[in-house]
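1. Everything below, folded, please.
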Amino acid sequence: MSTLKSIPNQYIESLAISSPHISSKEICQLNIAFHQWQKEQFATQDITNILGARANFVDHVLTKLWCQHNLDEYQISLLAVGGYGRGELHPYSDVDILLLTQESIDKELEEKISAFITQLWDVKLDIGHSVRSIKECLKQAINDVTVATNLMEMRQVCGNESLTTHLQPLLNEDVFWTSKKFFVAKREEQLNRHKQYNGASYTLEPNLKANPGGLRDIQTIGWVAKRHFLADSLEELVEHNYLTLNEYFELLECQDYLWRMRGALHFVAGRSENRLLFDYQADVATLMGFGDEGKIAVERMMKRFFRIIGRVAELNKMLLQYFEYAILQNKIHKNAVILNDEFIILDGQIKATNQRIFMRSTNIMEMFLLIAQNDEITDLHPHTLRLMRNARRRLISGLKDYERCRQVFLEIIKHPRGLGLPFTLMHRHSILGAYLPSWQSIVGQMQFDLFHAYSVDEHSFRLIKNLYRFSQKEHSDEFPLCSKIVQRIRKPEVLFLAGIFHDIAKGRGGNHADLGAIDALEFSKEHHLNNHDGRMISWLVKHHLLMSVTAQRRDISDPEVINKFAGIVRDEAHLDYLYCLTVADMRATNESLWNSWKENLLEELYNSTKRAFRRGLEKPVDLRSKIRENQQQALKLLSDININNDEVKDIWRDFKADYFLRYAPEQIVWHSQHILKHDKNKPLVLISPTPYRGGTEVFVYTKDKPNIFADIVSLLGSKCFSIHDAKIISSKKGYTANTFVILDQQGNAVDDSLRALEIAQSLTNTLSKEEPLIKLKSLPKRLEQFHIPTQVSFVETKTRRSTLLEIVALDTPGLLAQFANVFQECELHIHSAKITTFGEKVEDVFIVSNNEDKALTEQEQEILTAKLCDNAAF
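-> Okay, the predicted model is just below:
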């Protein structure tokens, strides 16, 4: 019987072997009461006691039922394995057991075991069980490192002790698993697990157990130590001089936090759960004592979590490297390469030869410059890492305070390999934060939303790595335009520094771009950059969102939009830097949200702005000339495919002039040739056979009637398409031409002709009906955590014929159709829409006019705002 941690007598008295028979129903009731007691104790009790108490409680339940089934009369032993074997049983964790038997079991015993296991399920214990003889245990364990690991952690609960006593020494023999073989297998297991998470610890919905730096990484250290040193605890590694006392307590502190977090997650989820999903985070934060302010409490909790797993990952790496040298004793060491008096290269790792090397803090930065200068270096030696960790903890102020450190930092940033391995190691081992205190402030800073996939520091790191990748010729085929720009600009370090500072002020309050620009300018002065470079870095930080906002939320086919954007950017040099920074930023925010639509929008905005610069901003586009040019080019293309120009011009007379301004000649040709041969009494629906700006273009030409826009967006939404752009043009004779750019759930254009045909047929059928198609779905559970009040703002423009408004709201099902119905109710005409989704939030832009084809009055704006806010409330 385990003697782990004591629990209140009322939960174990009725489970005593001497007490009367207890039913499954009574045990279930006892289990529920025990869970409630655990939850009440969670806020004040040490988490070790909480986990040990459950293991102890389960021990009593199993022992009681074992005796009730008379299994104590047979040659069979009940062993706890896995986390249960370690006495670390979280509130809803599986209970893994091994029933250890003689060589064979008879039918009577088999039936008793079956009845015992069945009752364990009846009492609501999530049992993972196996029935094996000693011989079978060894045979399976030799071929499966997971089975071997479980057996190493076995603990007798009840039954025949002689079987356990017989098995235990066999597990310590080399014929079972040699220390070397076991280490290699566990290291490979960890590498494969980390690959599943793309090596990223800082994802915003982490797996507390399997994530890099999570509980499994601590357990791996323990397993390897147990096999090599026969150590029963991490504390024994201190005695073996593989772990310092400070490192041991650091590991315990990290483990304690992760245990508490996992325990709270179990209580909140009401089941065994390791994934800290957004649905649970606010309640977990409250249970852990971070407050009940929702978003703020979650960000506090997650910031500590990210810093914890960074420490675990670092300790795990260092200790496994030490184990590698100790366990793989026959590893061939190449001759050491002497770098200078303080460092050598050993097996590709940079090793300090002087114990006091980092007493001079500047040597930390000098080491990373050495790594940049010597491409044969692949990592830090564990001895070097330990010395650097100790030095980092002793730092009183930022490394940036030292003039030599400032010089070396710039040398690293400017070095062709500086943003490769050196920068990665500086980030992973918190040297970047030790150098820039403002960077340390964003380490682990999360943003509680569905848009940003990483913490702020991890996002910034990935952005910089994207920029660095643009500079490498071997990757030029990935983003040709970015690569072309970065590889020809004279000072790429300006771009890299802008990347470091672009989000450095997040979490401070206020506009992070403005605050970051101030920090960047101050940094430039401290590092003696010339005024031009300093102002460029600061400008890029201040305006790093400008290009993405313009591309995604404004009509970039409008010359006025291009001229206004170009006026802020000022020249081609600023445009080059801003374009590359924007692409790197958007890709580093959330890889799953980057798509060819966004890529094409940015490139089109870049090229349009470049043309505007070369034409001269003081020479705006002549709109009438542009319309004539588009018409002439379209007529030529139509003539080439034998379409009668007179018939085409007859159709065109029905369209207003802005149709020919807002569509390219190729689009006008595509529309015209189909309208010519179509029955105008029926809706015409066209699906572009090739992508347009990376998306699929849906063109609808039909008689105008109420709710057309709402019906179209409702149907496309029901087909799981996202709408990114819409143009609505009314003809003089009561027809409407609507164009939508859509992407599928993977962010791709439609490339299946059968699916395209199905979309066209569904839209045709819907538009032929008189009843509007509005289907509201319930709010997805995932969105219940987010509270985003609907905001409507009106943007001042030069025109008096229309009004531009922006709507920010929670991305609820059918939201776009609801907006369309409000516009219809207010008798407004929609001219265009730009639909942008940022995770759980939408930021949509509409251009509308009233029924007199004029801009909205103040009263109309107030009425519209009230109705939009009412309809968006879910």
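
2. Now do the residue positioned nearest the centre of the chain against Phe358, distance only.
-> The centroid of the chain falls nearest to Ala453 when counting by C-alpha atoms, centre = their mean (2.6 Å). Per C-beta to C-beta, to the nearest Å, Ala453 is found 34 Å from Phe358. Using the backbone N, CA and C atoms, a C-beta is placed for each residue, glycine as well.

3. Could you point out the longest helix of the chain?
-> Criterion DSSP state H: the longest helix present in the chain is helix 295-327.

4. buried ones in that one?
-> 295, 297-303, 305-324, 327 (16 or more other C-beta atoms under 10 Å).

5. quick one, what contacts Tyr84?
-> Neighbouring residues of Tyr84 by C-beta atoms under 8 Å, 6 or more residues apart in numbering: 55, 58, 93-97, 155.

6. what's the helix or strand for it?
-> Tyr84 is located in helix 82-86, with elements delineated by DSSP states H and E.

7. pLDDT (mean, whole number) over that helix?
-> For helix 82-86, the mean pLDDT works out to 94.

8. Now do the strands in the stretch 551-700 of the chain.
-> 684-687, 696-703 (DSSP state E, counting those that start in this stretch).

9. With distance to Trp177, mean pLDDT and mean neighbour count as new columns, can those be given to me in TSV?
-> Rendered in TSV, the data for these read as follows (distance: least, C-beta to C-beta, whole Å; pLDDT from 0 to 100; neighbours: other C-beta atoms under 10 Å):
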stretch	distance to Trp177	mean pLDDT	mean neighbour count
strand 684-687	60	94	20
strand 696-703	56	93	22
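
10. want to throw those into JSON lines with distance to Ala391?
-> Formatted as JSON lines, the entries for the strands of the stretch 551-700 of the chain read as follows, by distance: least, C-beta to C-beta, whole Å:
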{"stretch": "strand 684-687", "distance to Ala391": "63"}
{"stretch": "strand 696-703", "distance to Ala391": "56"}
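
11. Which among the ones you listed is found nearest to Ala225?
-> Of all those, it is strand 696-703 that lies closest to Ala225, at 56.4 Å by C-beta to C-beta.

12. Which SSE is immediately downstream of that closest one?
-> That would be, after strand 696-703 and using DSSP H and E, helix 708-718.

13. what helices or strands is that next one leaning on?
-> strand 696-703, strand 722-730, strand 735-743, helix 753-768, helix 815-825 (3 or more C-beta pairs under 8 Å, 6 or more residues apart in numbering; DSSP states H and E).

14. Tabulate the ones you listed in a markdown table, adding columns for distance to Phe278.
-> Formatted as a markdown table, the helices and strands packed on helix 708-718 follow (distance: least, C-beta to C-beta, whole Å):
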| stretch | distance to Phe278 |
| --- | --- |
| strand 696-703 | 30 |
| strand 722-730 | 20 |
| strand 735-743 | 23 |
| helix 753-768 | 31 |
| helix 815-825 | 19 |
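
15. looking at those, which is closest to Ser608?
-> strand 722-730 (15.5 Å).

16. now the closest one: mean pLDDT?
-> When pLDDT is averaged along strand 722-730, the result is 89.

17. Tell me which other helices or strands it touches.
-> helix 657-662, helix 708-718, strand 735-743, strand 829-834.

18. Now do the helix or strand where Gln168 lies: everything it contacts.
-> Here Gln168 sits within helix 161-170, counting by DSSP H and E. Applying C-beta under 8 Å, 6+ apart, the contact partners of helix 161-170 are 75-77, 79, 100-102, 134, 137-138, 151, 154, 156, 176.

19. Just send those residues back as TSV, with distance to Arg193, neighbour count and secondary structure too.
-> Formatted as TSV, those follow (distance: C-beta to C-beta, whole Å; neighbours: other C-beta atoms under 10 Å; DSSP: H, G, I helix; E, B strand; the rest coil):
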residue	distance to Arg193	neighbour count	secondary structure
Gln75	38	13	coil
Ile76	34	21	strand
Ser77	32	24	strand
Leu79	26	25	strand
Leu100	29	26	strand
Thr101	32	23	strand
Gln102	36	15	coil
Ile134	30	17	helix
Cys137	25	24	helix
Leu138	26	19	helix
Leu151	20	25	helix
Met154	23	24	coil
Gln156	30	19	strand
Phe176	23	19	coil
